[in-house]
Structures are given as structure tokens and as C-alpha cells.
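>>> let's see this in three dimensions:
(chains A and B)
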Amino acid sequence: MTGTTRTAIEAVWRIESAQLIGGLMRVVRDVGLAEDLAQEALVVALERWPETGIPDNPGAWLMATAKNRAIDQLRRRQMLDRKHGGLEAERLSLTPAASFEMEAAIDENVGDDLLRLILIACHPVLSTEARVALTLRLLGGLTTEEIARAFLVPEPTIAQRIVRAKRTLAEAQVPFEVPRGPDLSARLPSVLEVVYLVFNEGYAATRGDDWVRAELCEDALRLGRVLAGLVPDEAEVHGLVALMELQASRFRARVGPGGEPILLLDQDRSRWDQLLIRRGLAVLARAEALAHPLGPYTLQAAISACHARAWTGRETDWKRIVALYDALVELTHSPVVELNRAVAVSMAFGPAAGLELVDALVEEPALRAYHLLPSVRGDLLAKLGRTAEARTEFERAASLAQNGRERALLLARAEACETAGRS
Amino acid sequence: MRVMVIVKATKNSEEGAMPSEKLLADMGKFNEELVKAGIMLAADGLHPSSKGKRVRFSNGKKTVVDGPFTETKELVAGFWIWQVKSMDEAVEWIRRCPDPMPGEESEIELRPVFEAQDFGKEFTPELRAQETRLREEMKRRS
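Just a heads-up that it's a prediction; the model follows:
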């Protein structure tokens, strides 16, 4: 096959890059160097493959090419080292035997290589922003430009974040061994946080021309599924994948034709993606079987599943949702979660019961500027026929809302209260 | 994006020949790779068309036609649903797929699945109004 296009080579890169970088990193023990070597191999492929066609095993080809570059570099550095008596080769952990070791090491336990790469990219020593950029670049195979477009920041900003992250990792001399058991579990929250953050960034994209951002949801789902395959005994990884599959199942239904957000209970459930719901429920079952007790992602997925199982809002098992929120409040102690729980209580046991809980949250400092508190309160008051109070709450909520569309919606509800009050 | 990957039927598959143990093992390994890469959403194989039926629509009339159907090469023997970045990526995965019908000539067809953004211009105001009505109706009923 000749005349291979650039896009076909990019597709190979997308499939192979993470394993390639992961395999190289195990040997050279430096994430920056591993990526440079992999990139150099890609450049060679871009030169040669249009003539020769894509080789039968492109992954092995790229690895062999990168390996040769590594050995060349090693020899150069050793020569320099001998000349200057320096420590350059030591910094790279490349002993004279390393080239042999490299031969042996390649193709050995690819899963560990990937896991190591994920754990390094999401290392707690890095800022969340840096972890996100590095993960998308090293594991997602995204270019710096693609990451920048998705996160609506200039490309040099992302490039710098990545350079700095690599430097931080080198300076901190983070261990390259893949932790096991409880040590592995302890490292996962910082990975799951990154994956979910990428997902939410994509989920927040509402307009059609935002498709680059919306693709982040797919990137996150893919990362999550890969991770679930690498650490199949970790309940929360499955919990997060379930949560993402279930949320993604509503992607088509959650925005109106004009770009306005449609609330869960108002969504056209026939537009929910049944394939993703089925997948989400299956993964959730797996998480629930592994977890004791259920962790925060699994709980959120279980709540999401209650909605996914109901064909109409009325059929929703609100009592179960309340019980799940009870557990989530217990775990997170988050006032925002408590507010959500109050809404569930109002659906399960009536607006008065919900209002009682919301009233207890009014003094909560963390919610003082949170527009959803007065918005929920207004909604419950309106349901109880206390329209004048409801109106004040909606107006207050509107004054706190950051989003123009939401503000307009809240003002319209305030107005509706006035009309209802007069009649 | 999502891609439907369609394995076309052959004379053998239509005759109900079961895949060899080797093919099953190779295919299992390939499927495992797809799952590990996080791209596999669904996969299934189909019985021969002799067990299938067709319903023909013509001027408001519906006629049920029993299999088997003759145009073997156009029939579907199995499918995957993948989530990939591009059609090129899907093609690259297919290059790694074991020959699904060893000993025979066969084809795998790749078709992108419609996504919400593909509907941009065709999502007319009338359709939108219908959507809104539907939503209100569901809201009223719930």
C-alpha cells in the first residue's frame, strides 16, 4: 500500500502512542524523554510511510525506531560522560547494559506500562490543570493544539503547562514502580478526578460548534474504560465509568434546539441513548459488586441509574435516590450534595419535607452565593402555594446566577409567581 | 464518533458454517484489544438469512418475506459499534482484525453513525416544534 495519507498515520499514532510512550518510559525512566523519542519515531514514520505504506505491525515498527534513537542518544551521552566525567547518563538511569535491557524489556506487560504512564501523568505532585493537559497528551493522543481548543485557552499556555509538568516530575524524582494493593488505591483518586474533569469539560459544551469540546466526553469515557481494564478490581473506577456512560446517555436530550439547557425531568427520554444506558447499568452492577461500602462515584452513578431506569419522571424511585444521597452526604459532607438530597426528599415525601431541609441550609456559608439554593427554595415555596415568598427567592436566585440564560429563566419564574399570586 | 463496522456474509456464513476454533480464538483476542482500548461499544454476530425475515413496504402495503435471501455479498453476518476519533482510526483497527471469513473473499464495511451535530441544518423549525410538543406532552404526563 502506497500513498498513505497523513490522517492514516495520525490514526496509527492515536492507537499506538500511549503504549509506545509507556514502554519507552519504563526503560528511560523519564516521561519527557520517552515522549521525545516517541515523537521522533513518528516524524520518521511521517517521512517513510507515505512511500512504503503502513507496516503490518506499526506499533512494533515505531517502538524499534524509537529504541534505535534511544540507543544512539545513550552512546552519545556515554561518550560525553566519559569526556567530562559528568553524571548525564546517570540522570537517565541508563547503564551500559541498558541497551540490552531495553531489548528484553520491550513488549513485556503492556498493561503495566499504560498504568504507570497514567499514574505518572496524574501524579499528585502536579496541579490539576497540568495533570489534565499531560493526560490528554500522553494517554489521549491529543495534540497541544487540540487540547488548547477544547479548553478554550491559547496553545502556548497548554504547551507551557506540559513542559512545566514534565520538569516538575523530573525534579520531584517520582518513583516509576507501579504501586500495588492499597498503595494503588490511594493513587487512583487523583486519576479519577482528572478523567471526570475532562468529561465535565466536554459535558459543559452545549452549542453545536462546540463539538471539539464535546469530544472531550468521548476522550474521558475512553480513558475511563481503558483504566477499568487496567485495574479491574477497583470499584470506584467502574463507578466513574458507569457515571460517565449514564450521563453521556443524556447528551442528545439535555440541550434544546436554541442551545438552552433542558433539566433532567423535562428531557425527552426517548432521546436518551439506550446503548450507553445499558453499558452504564452493567458497569454499575460491577462496581456495586466490588464496593463495600459504595464510594462517591459509584453512589452518583447509582443515583443517575435511578433516572435512567425510569421511563418518565413520575416512575423515578425517589426513595432510593434519597437513600443514596444520605450515603453520599455521609461521605462528602458537601452542602451542595445536601441541597440535592433536599430536592430528592421533596420528590419522595412532598415539598414541605424538602423545604424543611433547605431552610436548614440557608445559613450555610458555602451556599451563600449559590443561586441554586434560592432557586430550589423558590420552587418548593411555589409548590406549597406561598407565591410571594417564592417570587422573592427566584429574584434572589436570578441576581446570583452567572449564566444569562439561567437568569432569564429564573426571572420568568419570578414573574409567573406574581401572576399566580394575583389570580 | 461512532462507527458501525459491518461484516458482510459469504457463501459459508450463509450456509451456517461455524467459525473454526482458531478464528474464534483470534477474534476473541482482537475483541479483547478493542475493549482494552476503550473503543468497543457493542458487538454481535447474526444467524444466516435463512432464519431471517424481511418486511417489504410498498404503497402502504406490507409484505412479509421469509429468508434465505440471495444477494449474499450484501447481507450482514455480524457487526460492531465502535467509538473512535476518525474513520481513519476505524480503518486502522480493521487492519488489525483477523480475516473474518478465511478461505473466502469477504468484506468489512465501515459506516459512521449519525451524531447530533450532523443534524444541524436538517433539524428544521417544524421538527424542533414537534420536539418541544413531545417534551411538553411527556412533562404533562409525568
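
>>> any idea how far B:K53 lies from B:T63?
In this structure, B:K53 and B:T63 are 11 Å apart, going by CB to CB, to the nearest Å. The C-beta positions use only the backbone N, C-alpha and C, and glycine is treated the same way.

>>> actually B:H47, sorry about that
For B:H47, the distance to B:T63 - CB to CB - is 22 Å.

>>> all strands for chain B, in order.
B:2-8, B:40-45, B:53-58, B:61-66, B:76-83, B:108-112 (DSSP state E).

>>> now these in TSV, with mean pLDDT, distance to chain A and mean neighbour count?
Listed next are the strands of chain B as TSV, based on pLDDT from 0 to 100; distance: least, CB to the nearest CB, whole Å; neighbours: other CB atoms under 10 Å in any protein chain shown:
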stretch	mean pLDDT	distance to chain A	mean neighbour count
strand B:2-8	97	9	20
strand B:40-45	95	6	15
strand B:53-58	96	22	9
strand B:61-66	96	24	9
strand B:76-83	97	6	19
strand B:108-112	97	12	15
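
>>> so which of these gets nearest A:Q39?
With distances scored as CB to CB, the stretch of the strands of chain B nearest to A:Q39 is strand B:76-83 (25.8 Å).

>>> strand partners (parallel or antiparallel) of that closest one?
Next to strand B:76-83 in the sheet, as set by DSSP bridges, lie strand B:2-8 (antiparallel), strand B:40-45 (antiparallel).

>>> what angle separates that strand from strand B:108-112?
40 degrees (axes from the mean of the first three to the mean of the last three CA atoms, to 10 degrees).

>>> can you show me the CA trace of strand B:76-83 as PDB?
C-alpha atoms of strand B:76-83 as PDB (Å, rounded to 0.1, in the frame of the first residue of the first chain):
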ATOM      1  CA  VAL B  76     -24.800  -8.700   7.100                       C
ATOM      2  CA  ALA B  77     -23.200 -11.500   9.000                       C
ATOM      3  CA  GLY B  78     -22.200  -9.500  12.100                       C
ATOM      4  CA  PHE B  79     -21.400  -6.000  13.400                       C
ATOM      5  CA  TRP B  80     -19.500  -4.000  15.900                       C
ATOM      6  CA  ILE B  81     -20.300  -0.500  17.200                       C
ATOM      7  CA  TRP B  82     -17.100   1.400  17.900                       C
ATOM      8  CA  GLN B  83     -16.300   4.800  19.400                       C
END
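
>>> how far is that strand from where the chain is centred?
4 Å (CA atoms, centre = their mean, to the nearest Å).

>>> next: stretch B:6-15.
14 Å.

>>> distance between the ends of that stretch?
19 Å (CA to CA, to the nearest Å).

>>> thinking again about what came up before, among the strands of chain B, which comes closest to B:P100?
strand B:2-8 (5.0 Å).

>>> pull the distance from the closest one to the chain's centre.
5 Å.

>>> contacts for it, please.
B:41, B:45, B:73-84, B:87, B:90, B:94, B:100-101, B:106-113, B:115 (CB atoms under 8 Å, 6 or more residues apart in numbering or on different chains).

>>> switch the cut-off to 7 Å
With CB atoms under 7 Å, 6 or more residues apart in numbering or on different chains as the test, strand B:2-8 has contacts from B:41, B:73, B:75-84, B:87, B:90, B:94, B:100, B:106-113.

>>> also stretch A:355-364?
Contacts for stretch A:355-364 (CB under 7 Å, 6+ apart): A:P335, A:E338, A:L339, A:A342, A:V345, A:L367, A:L373, A:V376, A:R377, A:L380, A:L381, A:L384.

>>> and it, what's buried?
Going by neighbour count (16 or more other CB atoms under 10 Å in any protein chain shown), the buried part of stretch A:355-364 is A:L355, A:L357, A:V358, A:L361.

>>> what does stretch A:365-378 give?
A:L367, A:Y370, A:H371, A:L372, A:L373, A:P374, A:S375, A:V376, A:R377, A:G378.

>>> ok, stretch A:188-207 next?
A:188, A:190-199, A:201-203, A:205.

>>> would that stretch count as contacting chain B?
No: judged by CB under 7 Å from any CB of the partner chain, stretch A:188-207 stays clear of chain B, getting no closer than 9.7 Å.

>>> so for that stretch, mean pLDDT?
Mean pLDDT, computed over stretch A:188-207, is 86.

>>> who touches that stretch?
A:118-119, A:122, A:124, A:128, A:131-132, A:135-136, A:150-151, A:213-217, A:219-220, A:223-224, A:227, A:234, A:236-237, A:240, A:244, A:247, A:255, A:259, A:261, A:297.

>>> near chain B, which of those residues show up?
A:L223.

>>> restricted to helices, list the contacts of stretch A:188-207.
A:118-119, A:128, A:131-132, A:135-136, A:150-151, A:213-217, A:219-220, A:223-224, A:227, A:236-237, A:240, A:244, A:247, A:297 (DSSP state H).

>>> among those, name the buried ones.
A:118-119, A:131-132, A:135-136, A:150-151, A:213-217, A:219-220, A:223-224, A:227, A:236-237, A:240, A:244, A:247, A:297.

>>> just the helices in the stretch 201-350 of chain A please.
For the stretch 201-350 of chain A, the helices defined by DSSP state H, counting those that start in this stretch occupy A:211-230, A:235-248, A:274-290, A:296-309, A:318-332, A:335-349.

>>> Throw these into TSV and include mean pLDDT, thanks.
TSV is the format used below for the helices of the stretch 201-350 of chain A (pLDDT from 0 to 100):
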stretch	mean pLDDT
helix A:211-230	89
helix A:235-248	97
helix A:274-290	97
helix A:296-309	97
helix A:318-332	96
helix A:335-349	95
